[in-house]
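*Asks:* Here is a sequence together with a model predicted from it:
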Amino acid sequence: MNIRKSLPAPILAAGLAAGLLTGCGTEQGGSAGEDGAVVVGMSDDVLATDPASGYDPGSWLLFNNVFQSLLAFPKGGTEPEPEAAESCKFTDSATKELTCTLRDGLEFSNGNELTSKDVKYSFDRTVKIDDPDGPAVMFSSLDKITTPDAKTVVFHLKVPDATFPSKIASGAGSIVDHREYPAGKLRTDGKAVGSGAYTLDSYGDNEAVFKVNSSYKGEAETQNSGVTLRFFHDDREKLKQAMLGGDIDIAYRGLSAGDIADLGSGSSDQQVEVVEGTSAEVQHLVLNVNDPVVGKLGVRKALAYLIDREKLVSEVYDQTASALYSIIPAGIEGHNTAFFDTYGGSPQRDKAEQALRSEGITDKVKLTLWATPARYGPATVEEFKAIAKQLNDSGLFQADVKSVPFDQYEKGVEAGKYGVYVKGWVPDYPDPENFTQPFFGKDNVLMNNYTNDAITGRIIPGTATLTERTATKSQFGELQDLVAAELPIIPLWQGKQYAVVGEEISGVEWCLDSSTVFRFWELHKG
């Protein structure tokens, strides 16, 4: 998911970023779900109920369950399959025309018929509104949409884009009722009308209630009678106590690594289980190549030789993350270990010193690592202090850490004031393109002044024409090797996903995969 939304530390998560978190807790009451209903607690808020705006984890969770997209990611899979559509395929050889045919009998939860008009309207509306907190940025390759008949939708693209099916399978591809959503502005009444497996029955500051949509036609088979989301507004202790007290069935998003270990130890009277899943969330150390210090390749190489990822994930994150040695994470097509192959898996002080000496540097390198609290998770500052200590213990650096509020942090990054800073990334869709294309070239989201003509002019455009994504392995391998050689960023870790569940709950394992989709319909109680 776009880096604007950002990534938390690897804590109780579903592969999506922590997003904008509020600071005050709220009183939570009641009990866990009854009669087959499931109560899920999480630290995030749902920031939007309108798909043209939401680009945060809570909102996409809502979208994926209340709205349909033409395609969807199957549980455990990374290749999109038909959902509201009965088929979608490229109908030209240049991957610039995607034709989708809708299922028969689709309708919204209010009884209105869903046709190609609604599909076109939904995408046109998102692009037209272009909300700064919305997903319109994902459709930069879209030229126009035509609808030859009520069941057929044709996407005409400006440039080849083999990943377009994955883009429309995400929350950004949510289909809305053209009668219910204004064309030029956002819907702000807190309601949602979709055709997904659930309806949004109520939505408030502290919870959202979802009921099974009896008119849904798609691939999902609901295993419960409804889901209630309770929002704990970043109050991790209250979330933990709600789980221990049986007030919620699932604790999803927000617990620290220590909390997860505590809950999984069996020390409490409440019978709970920790479920671990895969994730494609990552965190990088970003290096501003125009900075007077890390603008020198030798300094960047020294950093790469000295950072001990294994120690970070062990001591800071208690193994709730894995060391990451390339910009494309494990589990995503094309992943390699370029940084391990180039700089090793443990600190190499001699090679770091040699890299500095090649730049004529003989004194300790003074360096500030910039972070921001909460936005990337509660352990970010601790993590950066650990990195600074690793650098300083080598005797080659004099590093310190500065942390500033997020608004100030983002302005500093945009202004180029920071040489070394943290950025997180959660994919919008599980394809190597989403871990590479946004990072390079003009207006890249890292804002570190790095460009590479081979990456932006040849490699990424070349992969965009290949609908068989396994065929992109060599190109993305070359890209990762280039990044390891030139070091505009240093990958740090890849997150894991966790949920803590009550003894009667099953199906959570199908909600914790690299597609980042939390599937309400897979949850079962009893």
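*Replies:* Thanks, I have the structure now.
*Asks:* from here on, contacts and neighbour counts on C-alpha atoms
*Replies:* Will do.
*Asks:* Are there helices or strands packed against the helix or strand hosting residue 260, and which ones?
*Replies:* Using DSSP states H and E, residue 260 falls within helix 257-264. Counting contacts by 3 or more Cα pairs under 8 Å, 6 or more residues apart in numbering; DSSP states H and E, helix 257-264 packs against strand 272-277, strand 497-502.
*Asks:* helix or strand right after the last one?
*Replies:* Under the assignment DSSP H and E, the closest C-terminal helix or strand after strand 497-502 is strand 505-506.
*Asks:* So for that following strand, mean pLDDT?
*Replies:* Mean pLDDT, strand 505-506: 96.
*Asks:* Give me the residues contacting it.
*Replies:* With contact meaning Cα atoms under 8 Å, 6 or more residues apart in numbering, strand 505-506 is reached by 249-250, 523-526.
*Asks:* Looking at the helices and strands packed on helix 257-264, which one is packed in the most?
*Replies:* With neighbours defined as mean count of other Cα atoms under 10 Å, those peak in mean count at strand 497-502, which reaches a mean of 26.
*Asks:* Each with direction, which strands does it pair with?
*Replies:* strand 250-252 (antiparallel), strand 272-277 (antiparallel) (DSSP bridges).
*Asks:* can you redo the ones you listed as TSV with distance to residue 115?
*Replies:* Listed next are the strands paired with strand 497-502 as TSV, based on distance: least, Cα to Cα, whole Å:
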stretch	distance to residue 115
strand 250-252	35
strand 272-277	36
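*Asks:* quick one: contacts for residue 147?
*Replies:* Counted by Cα under 8 Å, 6+ apart, residue 147 has contacts 116-117, 120, 153-154.
*Asks:* which one of the residues you listed sits closest to residue 100?
*Replies:* Proximity of these to residue 100 was ranked by Cα to Cα; the top entry is residue 153 with 5.2 Å.
*Asks:* one step back: out of the contacts of strand 505-506, name the two that are farthest from one another.
*Replies:* Using Cα to Cα, the contacts of strand 505-506 span at most 13.5 Å, a distance reached by 250 and 526.
*Asks:* Show me which of these two is the more surrounded one.
*Replies:* Ranked by neighbour count (other Cα atoms under 10 Å), residue 250 and residue 526 place residue 250 first, with 28 against 11.
*Asks:* who does that one bridge with?
*Replies:* Going by DSSP bridges, residue 250 forms beta bridges with residue 40, residue 501.
*Asks:* I'd like the distance between the residue most central in space within the chain and residue 172.
*Replies:* Centroid check for the chain by Cα atoms, centre = their mean gives residue 426 as the closest residue, at 2.4 Å. Between residue 426 and residue 172 the distance is 14 Å, computed by Cα to Cα, to the nearest Å.
*Asks:* ditto for residue 154
*Replies:* Relative to residue 172, and taking Cα to Cα, residue 154 is found at 17 Å.
*Asks:* Of those two, which one has the most company?
*Replies:* residue 172 (27 against 21).
*Asks:* buried ones in the lowest-mean-pLDDT helix or strand in the chain?
*Replies:* Least confident element among the helices and strands of the chain, by mean pLDDT, DSSP states H and E: helix 257-264 (a mean of 79). Within helix 257-264, the residues that count as buried by 16 or more other Cα atoms under 10 Å are 257, 259-260, 263-264.
*Asks:* Nice, that's everything, thank you.
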